Structure formats: structure tokens, C-alpha cells
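S.K.: Sequence first, then the predicted structure:
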Amino acid sequence: MNQLWSNLTSNFQNFHPPAQLTNNTVYLFGDLFQILEVDERRGVIILKMFIYHFYHSEFAKWDPNMYNGTKLIMAQKGTFWDPPIVLRDSIDVIYETYNDQGVLHEGYIYSLYQFLTVKLSCSFDVSRFPFDRQYCPIVFNRLAGYNHDVDFYGDEMQLKLYMDNDEWDIVHPITTSRLDQVLSEDGNNRKINHELIIHLSIERKYLFYLLFLVFPNMILYLMSGLTFLLPAESGEKVSCAVTLFLAQVVSFGTLANIFPASSRNLPVLAYFVVIVTFHMGISCLLAIFSSGGSGCWCSLADMAVEASS
């Protein structure tokens, strides 16, 4: 056992790719555990993930029959070479577990599952809010300044341990792709940056917004048209119009806190709310003018005072 350990550690260096790294390739796999937060205002998504990777080297092979049938050796993280993998768009990464490395007698060196919480920057398009779908790619590449050419391969997420989110649904499947970018080229020497992209798409659950945002505004808008069915001499025409208008103004202020703050992709629903508020304001003025008399103005003033208090 000691002889096997000595042979393995002598063949590897911690900070350089091992000799005979097969195809200069590292196989990277990730799985999503939970969506913790999606903040459209700040352009941030927070995920809890599992990741692990492995690579193959001829120098990591041995015959189990020569070492008492030993087929697997475990070592502390960092004993053997670790691929310099980083998340390109990460703002903050918290590694909650630091697992050991394993070496199989077939020549595979792998890391066990690493449990991490990652905060990523993402560009959101909320123009179809609340029926929107967001695309937030998770991009893995090598550490900046790392000179060795290492390629990455991966597979789609299986979501075996995924916990459902109350506000967002995952759009299946979550596929992966590779992107090769030529950073510099000097004769036959080309410096290529390899990226592995996990295509994560999420879709908003809209039922809450339909019940508490869309339907109430539509009801207020439809009721505003009923004020013209009231006779002017009843004295309730102005009161009804002003009450509905004030209710819409209060609703508008509430919606301003719900809508994602974006001047580039303003939600279509926001245009609807603005138009409805403007139209109900005009309806209120028309109701006042059609009623006439100073009593109506006094009623308007009294209701404004009550609303402000």
C-alpha cells in the first residue's frame, strides 16, 4: 500500500496537469439542488448546487493483483492535481463541503460531490412579466492566467435531488454545450479558452400575480365604466368615480414595488396599469363635470382629505 501511494504521488504535481492527461480533457458534471433567490432588480440569481469532476491519466493506473487487490485510494483534497475551474459570472461562491479525492486503478482521478452556494449575475428580460421565462447560463472555464491547455466536457443536469421553488419552475431539459474562444494566436501557437456552459432556463409561476395583480386591476377598470350608468342627480356618481380612482392609485403604488425595476424592458403589464390609471382619472373628471354644482367639488375635497388621513 505504501509503495502504491509513493508511486502515485511521485507521478503527479499539485499545480500542473499530470503527465499523459488523456486528451487534455476534464469531465465536469453539475446538478441543481435548489433555487434560493431570483432578484430581478439587482440582476442576481442564487443557486445551491452539487458539482464533481474527473479526468484520466495513464500514470494513475495500477494492477490490483500487485497491491493486495486494492482498486481505490482516497486522499485529501489537493493531494493530486485539481483542475483550475471557476464560475465566470459568479459574484460569490460558498463551498459548504470540501470532499476528498479518489483514484481508481483504471486511471481515473475524481473529486466527490462538492456542495456549494453560488451567487451569479444574470441579465433578466421582464417585458412579459408575470408570464416571463428567464435564461441564466452557468459558465465554467479555467482560471485566468492558467497557461496549460485544458478542455472541459459535461452532460445535462439530471435534477435527481432538486427541490421545487415556490415562484419558479425549471424548463427541462438543462443541456450543456462547449464554447472555444481563441484568445491569442502566434504562428502555430494558439491560446484557446474552453468554456462549459450549462443552459439554465426558469419560468415564473404566474397564478399568484393573476389573482392579486391582474384580476383586481381589471375589475376596477370595468367598474369605472359603471359610474356613467348612475344618474347625475343621485349625488353618488362623483363619489363612485373618485373612490375607484383612489383605489387604483393605491393599487398602482403597490404594483410599483412588485414590478421588477427595469427601464430597458418595462413589463407590458405596467403599460396596462398606467393606461388604466390615466383613463380612470379622465373618467373621474368627466363625472365631476357632468354632475356640476359646488356640492360635487365639496364631496371630492372631503374624500381626498379622508384618503390622505
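M.R.: Nice, thanks for sending it over. Numbers count the residues shown, from 1 in each chain.
S.K.: hang on, residue 117 is in a strand, isn't it?
M.R.: Yes: secondary structure of residue 117, determined by DSSP: H, G, I helix; E, B strand; the rest coil: located in a strand.
S.K.: Just list the residues touching residue 55, thanks.
M.R.: By C-beta atoms under 8 Å, 6 or more residues apart in numbering, the contact set of residue 55 is 18, 21, 22, 25, 26, 27, 83, 108, 109, 110. In short, each C-beta sits where N, CA and C put it, glycine included.
S.K.: if we go to 6 Å?
M.R.: Residues near residue 55 by C-beta atoms under 6 Å, 6 or more residues apart in numbering: 26, 109.
S.K.: Over to residue 138?
M.R.: Shown in contact with residue 138 (C-beta under 6 Å, 6+ apart): 198, 200.
S.K.: Would you agree residue 46 is in contact with residue 36?
M.R.: Yes: contact criterion C-beta atoms under 6 Å: residue 46 and residue 36 qualify, at 4.3 Å.
S.K.: quick one: which of these two has more around it?
M.R.: residue 46 (17 against 14; other C-beta atoms under 10 Å).
S.K.: how close does the more buried one sit to residue 274?
M.R.: 32 Å (C-beta to C-beta, to the nearest Å).
S.K.: Let me know the pLDDT of residue 297.
M.R.: Listed pLDDT for residue 297 reads 49.
S.K.: typo on my end, residue 271
M.R.: Per the predicted model, pLDDT is 85 at residue 271.
S.K.: before we move on, what about residue 3?
M.R.: For residue 3, the predicted pLDDT is 77.
S.K.: now do residue 290
M.R.: In this model, residue 290 is scored at 72, pLDDT.
S.K.: cool, the one 4 residues further on as well?
M.R.: We have a pLDDT of 44 for residue 294.
S.K.: How about residue 226?
M.R.: At residue 226, pLDDT is 78.
S.K.: Which of the three states applies to it?
M.R.: helix.
S.K.: Quick check: closest non-adjacent residue to it.
M.R.: Spatial nearest neighbour of residue 226, chain neighbours left out: residue 240 (7.6 Å); criterion: C-beta to C-beta, 6 or more residues apart in numbering.
S.K.: Could you list the low-confidence segments of the protein?
M.R.: Filtered on pLDDT under 70, the chain yields the residue ranges 1, 11-16, 18-20, 97-99, 113, 143-149, 182-191, 232-235, 260-263, 291-309.
S.K.: all helices of it, in order?
M.R.: For the chain, the helices defined by DSSP state H cover 2-11, 207-209, 215-224, 237-258, 268-291, 294-308.
S.K.: From the chain's centroid, how far away is the third one?
M.R.: Right, the one you point to is helix 215-224. 33 Å (C-alpha atoms, centre = their mean, to the nearest Å).
S.K.: just the second one next, same as before
M.R.: Between the centre of helix 207-209 and the centre of its host chain there is 19 Å, according to C-alpha atoms, centre = their mean.
S.K.: and the chain, what are its domains?
M.R.: 2-204, 207-308 (automatic domain parsing).
S.K.: Now do the contacts for residue 108.
M.R.: Residue 108 neighbours (C-beta under 6 Å, 6+ apart): 54, 56.
S.K.: bridging residues for it?
M.R.: residue 56 (DSSP bridges).
S.K.: Next: the one 10 residues further on.
M.R.: Under DSSP bridges, the beta-bridge partners of residue 118 are residue 47, residue 93.
S.K.: how far away is it from residue 220?
M.R.: 42 Å.
S.K.: which of those two has more neighbours?
M.R.: residue 118 (20 against 17).
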